[in-house]
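**Student:** This is the structure alone, sequence omitted:
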């Protein structure tokens, strides 16, 4: 499982089976950003986060991230 967080604070739990669930107050592993900036890069380094740049809709970004993290998963299921 991987926890991904958008810049707006929305946090999601991504599972190997393709399920995507919205959560709060979880420490993220990945920060999803519209556009990478030096400030975001420094923030990610300081907080030991990976960055995923995506300027699509939230659902599309999550689906793309799940397929990159878990290529064996063929479809995503939002919970």
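**Tutor:** That came in fine, so what should we check first? As the structure is a prediction and not an experimental result, all values here were calculated from the model.

**Student:** contacts, neighbours, all on C-alpha from now
**Tutor:** Noted.

**Student:** Tell me the buried residues in the lengthiest helix in the chain?
**Tutor:** Ranked by residue count, the top helix of the chain under DSSP state H comes out as helix 58-69. Buried residues in helix 58-69, counting neighbours by 16 or more other Cα atoms under 10 Å, are found at 61, 62, 63, 64, 65, 66, 67.

**Student:** how about those in TSV, adding pLDDT and distance to residue 16?
**Tutor:** TSV is the format used below for these (pLDDT from 0 to 100; distance: Cα to Cα, whole Å):
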residue	pLDDT	distance to residue 16
61	95	16
62	94	13
63	90	12
64	92	13
65	94	11
66	91	8
67	88	9
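
**Student:** so which strand or helix has residue 52?
**Tutor:** strand 50-53 (DSSP states H and E).

**Student:** neighbouring strands for that strand, and are they parallel or not?
**Tutor:** As defined by DSSP bridges, the strand partners of strand 50-53 come to strand 30-33 (parallel).

**Student:** Output the contacting helices and strands for the helix or strand following the partner strand.
**Tutor:** Following strand 30-33 in sequence order, the next helix or strand is helix 38-46 (DSSP H and E). Judged by 3 or more Cα pairs under 8 Å, 6 or more residues apart in numbering; DSSP states H and E, helix 38-46 is in contact with strand 50-53.
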